[in-house]
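Colleague: here is a sequence together with a model predicted from it:
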Number of protein chains: 2
Amino acid sequence: MQGPFKSVSLPWVLLIFIVVFHVEALKPHLLGRRSVARTSSQHRSVSYKTLYFDQQIDHFGFLEDGMFKQKYLVNDQHWHKNNGPILFYTGNEGDITWFCNNTGFMWDIAEELGAMLVFAEHRYYGESMPFKNESYSNAKYLNYLTSEQALADFAVLIKSLKTSLPGAQNSPVIAIGGSYGGMLAAWLRMKYPHVVIGALAASAPIWQFTDMVPCGDFYKIVSQDFANSGINCSKNIRRSWTAINSMSSTAEGLQWLSQEFGLCSPLQEEDINDFKAWLQETWVNLAMVDYPYEANFLQYLPRWPVKVVCTYLQFDTDVSDKQLLHGISQAVRVYYNYTGSAACLNVSETATGSLGIRGWFYQSCTEMVMPMCTDGFQDMFEPMAWNFQAFSDECYALFGVRPREDWAGTVYGGKNISAHSNIIFSNGGLDPWMSGGVTKSVSDSLVAILIPDGAHHLDLRFKNEDDPQSVVFARKLEVKYLKQWIKQNAGAQ
Amino acid sequence: MQGPFKSVSLPWVLLIFIVVFHVEALKPHLLGRRSVARTSSQHRSVSYKTLYFDQQIDHFGFLEDGMFKQKYLVNDQHWHKNNGPILFYTGNEGDITWFCNNTGFMWDIAEELGAMLVFAEHRYYGESMPFKNESYSNAKYLNYLTSEQALADFAVLIKSLKTSLPGAQNSPVIAIGGSYGGMLAAWLRMKYPHVVIGALAASAPIWQFTDMVPCGDFYKIVSQDFANSGINCSKNIRRSWTAINSMSSTAEGLQWLSQEFGLCSPLQEEDINDFKAWLQETWVNLAMVDYPYEANFLQYLPRWPVKVVCTYLQFDTDVSDKQLLHGISQAVRVYYNYTGSAACLNVSETATGSLGIRGWFYQSCTEMVMPMCTDGFQDMFEPMAWNFQAFSDECYALFGVRPREDWAGTVYGGKNISAHSNIIFSNGGLDPWMSGGVTKSVSDSLVAILIPDGAHHLDLRFKNEDDPQSVVFARKLEVKYLKQWIKQNAGAQ
């Protein structure tokens, strides 16, 4: 099953492109393992106990009765032991320590709320492997990698914590998560409202599913970010695809491209789709992490990195292909080599089969089918229609399973979520994932908070002196709601 | 796997007794197949289309990608085709035609509401077999028999109906069910509030789980029904167990018992636990169907059958064992031979492995763990403590699976359901299952309706001139809430 990720034969390149194309923007979360050390050394230090909880491998069937160790992190330094609240991070597709280190908001507000912090790892990521090293070895073992199983893990863990921790019996629990973790936080409140009194779902694209939002919105937002960050910036990126196609049509051009981009391995003709996918992913990632200060979420980057990138792409749109692609290569280096320590750039880096990537690929190939498309007019990318059947066929070839296009909408309610309560949906105006987010309040207690200057879940990061006012205000509002839920809960008991 | 149900060796008698003891009172629903013909001929005739829907065998995993045919019945005679409401019966553990014929309330109100009626069969019952004739053949095939899968079936079917039926796109759907079907109706609203705008959960013991209600309440209610229906009635039943123990200690006594009760097979010493379980089940069933008019829900019975039974048990409590047991045998015949057509009584009848019984046994042995106990003081039965470990061991021996005692509470919220809305919980004061029901309103939209003179979901039956005022009033209130939800929904669109 690993083969396809490494193969470079033509069919697989196409396959990788399709899969990458449609899930690429979530991949940054999967790079957690590599980022933890650098990330944690950069921010205020956080300290926690690392614990493991015995979970059912299958919550929804009784034949598979095995258990596995779910990793979770706990800090109770500021916890008011007499039923003080618990802020519970619903871990997403990666190592939980990475999310723990990158969710400074919870650390910043723990004292004010007298809260315990818990970060729970998502099954099949980090150390939480249902079948240990074999977890990804076949479709049978992968069968328990679903969001429903993950939510059940969280619910069971929370119930156990409240029973076993002295003083926690009546502690109100609030789910907090970002991106896919934000979707899980919202869904945990929807499906287990007896377990969490509310949820903060940051940059959670719960509507990025079939027939809920236009498939092109995601890449439109990416393109707007670049268009707004420098003259001709998005136009030159749009032009670059033709220039690459043209350049790569000769052996000489391929050699020039390899040298210009300082690639670790020289480009072959059949690598061009990968190369373009890698560039496209780079622009997406930059839009996602367009933070107002130096940060190391995906890569170590300057403040407002898209602006910095665009300084290399401000030339007129009639320069030669080589001039244009020289600008692109300089721009890309902002992302991959801001520190100057990269000896060469690795085109296949974000497409290789690290565990996390495989996990998210599997989830995309089952429940998390997120249609994406581009048209080359409203966005700066090569046109690519959404083709569910082709996607399904690739998934079947990869994992032996087929995605169920409508299931996420059926199980989680799609756009009809008004029966629920106590969920904050926060979204950043610069974040491509806003395309699938809840950006208008649905009711008094299903509240949308917009952060116009915010990239991907900026609000969940540690506070910073360079934070725009919009995120300062958003966090204040979020804390206000958290306190309100806690107070309501106390009144109801 | 079938063996145990038929074996009469001592360990299995004990096993059957334990399993029967704890689930017996739900078994009547399992007798549906036998009752359909008589039931439907008795009541107003109902007419419907019989349809089949392709369902996923496994909604919560992607490895098993097979489909099965779910049976459902539809009547749209009174439906207002422009988004008129759909009343959706969430089928429980038996043939759906039987529930259809025994849920006259839906037929009675269809015209007033301009409603379509849909009755959906529960997977693994009736004709809705995921693996056809093999569905019960091993633990692997049984693995998809859970309430979560059944709820997902209902949600998927409803979404499909609304898409495929012209005029139904904005039809508000209301879930209706009785007993386990009532639990499913309530849970469908809790878990899929985007699919059903509300639920009528009649006689639904959603709290009959570990640590939610005292395990002895169920049998206390049974006993009260008999105590209130005739002088010395429950006292003489309480005395009968000792009399049977004493009588069965000799071969002559066994022969006398067999003749006195007109049993089809003479009792052996090792049958005595079965015999007592059969009697106990008879009293439970009588309490459940203590309806105010002649009815044929489980058996063809006179009006107020418990009162009729008690006319045979009014003698002083110091009569001889033989006199006492003669009274018991007369009383039992009210249940088994009111029509006079039974040639003999079959002690093993309700304990043999009909498909439905096996299905409910499996559900009891996995999710639906409902602790029951007796003490012989507050109830009229032999003392029997609840022993989860013994129960679990028996389940493992029977099915190769072990029950998860806490799961139902974790997944469905236990007593903390206040975050939900639009559910009516109706309960009858004569119904033993009231022990696990919601008998006090939780909020303005989680409403409890009590029917003091009602047995098991009397409110769901066809209206009858002998209906007590309490059920007439309850049904009016139920219709009022249904209309209110429909109106609210129309206002929200």
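Modeller: On my side now, so go ahead. If you're wondering where the values come from, they're calculated on a predicted model, not measured in any experiment. Numbers count the residues shown, from 1 in each chain, chains lettered A, B, ... in the order given.
Colleague: can you classify the residue with the largest distance to the centre of chain A by secondary structure?
Modeller: Distance from the centre of chain A peaks at A:Glu252, with 37.9 Å (CA atoms, centre = their mean). Classification of A:Glu252 by DSSP: H, G, I helix; E, B strand; the rest coil places it in helix.
Colleague: pLDDT score assigned to it?
Modeller: We have a pLDDT of 97 for A:Glu252.
Colleague: A:Phe391 and A:Pro403: what is the separation?
Modeller: Remark: distance between A:Phe391 and A:Pro403 (CB to CB, to the nearest Å) = 7 Å. All C-beta atoms are positioned from the backbone trio N, CA, C, and that covers glycine.
Colleague: please apply the same query to A:Ala474.
Modeller: From A:Ala474 over to A:Pro403 (counting by CB to CB), the distance is 34 Å.
Colleague: ok, A:Gln488 - contacts?
Modeller: Applying CB atoms under 8 Å, 6 or more residues apart in numbering or on different chains, we find A:Gln488 in contact with A:Ile197.
Colleague: what's the neighbour count on the residue nearest to A:Gly253 when sequence neighbours are not counted?
Modeller: Once flanking residues are discounted, A:Gly253 sits nearest to A:Met247: 3.9 Å by CB to CB, 6 or more residues apart in numbering or on different chains. Using other CB atoms under 10 Å in any protein chain shown, A:Met247 has 22 neighbouring residues.
Colleague: now the strands: where do they sit in chain A?
Modeller: Using DSSP state E, the strands of chain A run over residues A:49-56, A:67-75, A:86-90, A:116-120, A:173-178, A:198-202, A:295-296, A:300-301, A:423-428, A:446-451.
Colleague: is chain B contacted by the fourth one?
Modeller: No - no part of strand A:116-120 sits close enough to chain B to count as contact by CB under 8 Å from any CB of the partner chain; the gap is at least 15.1 Å.
Colleague: what pLDDT is listed against A:Val308?
Modeller: 97.
Colleague: that one against A:Gln314, yeah?
Modeller: No - applying CB atoms under 8 Å, one finds A:Val308 not in contact with A:Gln314, separated by 11.6 Å.
Colleague: contact partners for the residue nearest to A:Ala295 when sequence neighbours are not counted?
Modeller: Spatially, and ignoring its direct neighbours in sequence, A:Ala295 is nearest to A:Leu301 (6.1 Å; CB to CB, 6+ apart). When contacts are counted by CB under 8 Å, 6+ apart, A:Leu301 touches A:Leu286, A:Val289, A:Tyr291, A:Glu294, A:Ala295, A:Val334, A:Tyr335, A:Tyr338.
Colleague: out of the residues you listed, who's nearest A:His122?
Modeller: Distance to A:His122 across these (CB to CB) is lowest for A:Val289, with 21.0 Å.
Colleague: ok, the closest one to A:Ile221 distance?
Modeller: 14 Å.
Colleague: same question for A:Ser418.
Modeller: Taken as CB to CB, the span from A:Ser418 to A:Ile221 is 26 Å.
Colleague: compare the two (neighbour count), which wins?
Modeller: Higher neighbour count among A:Ser418 and A:Ile221: A:Ile221, with 21 against 13, using other CB under 10 Å.
Colleague: verify the contact between the more buried one and A:Ala287 for me.
Modeller: Yes - A:Ile221 lies in contact with A:Ala287 (CB under 8 Å); the separation is 7.0 Å.
Colleague: and for these two, which residues touch both?
Modeller: In contact with both A:Ile221 and A:Ala287: A:Leu430, A:Asp431, A:Pro432, using CB under 8 Å, 6+ apart.
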